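Q: Just a sequence and a predicted model for now, questions to come.
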Amino acid sequence: MEQLQLPENVRRIEAKETFTFACHPGVTCFTDCCRQLELALTPYDILRLTRETGMNSREFLEQYVIQEQEAEDVFPRFYLTMVDDGRASCVFVSEKGCTVYPGRPGACRAYPMGRAAIRQADNSMDEFFVLLQEAHCHGFEEKEEQNSDSYATEQGLTEFNTFNDTFATLLQHDKIRQGLKLTPEQVKLFVLALYDLDSFRQQLLAGTLQNCGGFNKDTHKENEQLLLFGIEWLHQELFDQETIK
């Protein structure tokens, strides 16, 4: 894998390398990491947040998500809105902590770790972890030993990583790497099938989308299965492929 230049406060860690860290209300910096941040959201993050809040995907996108796309971006980017309180606080943080903790995004679960996953020529995902040590964080002063594997398991990251790696087959597709740009209509389909699952299901049931013969209202009843179907469908719509490659 190509070596990446990392900031001074970020270092790569090996799979079994241990570090001490814990986060709980007794740590003096509790919830500081929930402020002054840009929190990017993946499709699976939004799936879990809509379930936790009880909102449908369209309502959640309109109320809590900022969508951005610069001229040079192939795909739009999605960020959680922050409260205008002078600290740019997460909309879901309170004095007692995260109010959507069971459905919190993958980046929140992983902190202070970061994960990079890059698709290789054989379609395998090469991953590595980094440790972010910010000056405000006192969690490193705790005595609890962690490593990348144990911490990921403890924070429930396995399912997030699995869905995000499948999502990456779109972002890192060979045609994207070769410079393919999406049309405005393709961008709309990308948002619909990945981030607005309730509207996607409605259109599938109404039969208003093309090339959806593989959709089954019973098989794809759960949003997890619908998201996987959406990724597969987008491979066909964006890259003229019937299977993920």
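A: Structure received.
Q: Walk me through which strands the lowest-mean-pLDDT helix or strand in the chain pairs with, and which way each runs.
A: One helix or strand of the chain scores below all others by mean pLDDT, DSSP states H and E: strand 113-119, with a mean of 84. Sheet partners assigned to strand 113-119 using DSSP bridges are listed as strand 125-132 (antiparallel).
Q: ok, residue 36 - contacts?
A: Listed by C-beta atoms under 8 Å, 6 or more residues apart in numbering, the contact set of residue 36 reads 87-88. Heads up, the C-betas are built off the backbone N, CA and C, glycines and all.
Q: Repeat the analysis, applying 6 Å as the threshold.
A: Residues in contact with residue 36 (C-beta atoms under 6 Å, 6 or more residues apart in numbering) are residue 88.
Q: What's the per-residue pLDDT of it here?
A: The model reports residue 36 with a pLDDT of 90.
Q: what about the helices in this protein?
A: Under the criterion DSSP state H, the chain contains helices at 43-53, 57-64, 106-110, 148-154, 157-171, 174-177, 184-195, 197-206, 223-239.
Q: if you compare those helices, which one is most tucked away?
A: Comparing the helices of the chain by mean neighbour count (mean count of other C-beta atoms under 10 Å), helix 43-53 ranks first with a mean of 21.
Q: Please state the offset of that one from the chain centre?
A: Remark: helix 43-53 is offset 10 Å from the chain centroid, using C-alpha atoms, centre = their mean, to the nearest Å.
Q: and that helix with helix 197-206, angle?
A: Computed with axes from the mean of the first three to the mean of the last three C-alpha atoms, to 10 degrees, the direction of helix 43-53 lies at 100 degrees from that of helix 197-206.
Q: Now do helix 43-53: which elements does it pack against?
A: Contact here means 3 or more C-beta pairs under 6 Å, 6 or more residues apart in numbering; DSSP states H and E; on that basis helix 43-53 packs against helix 157-171, helix 184-195.
Q: residues in contact with the residue nearest the centre of the chain?
A: For the chain, the residue nearest the mean C-alpha position is residue 42 (2.8 Å; C-alpha atoms, centre = their mean). The contact partners of residue 42, by C-beta under 6 Å, 6+ apart, come to residue 164.
Q: thinking again about what came up before, for the helices of the chain, which one sits closest to residue 11?
A: Nearest of the helices of the chain to residue 11, taken as C-beta to C-beta: helix 148-154 at 12.3 Å.
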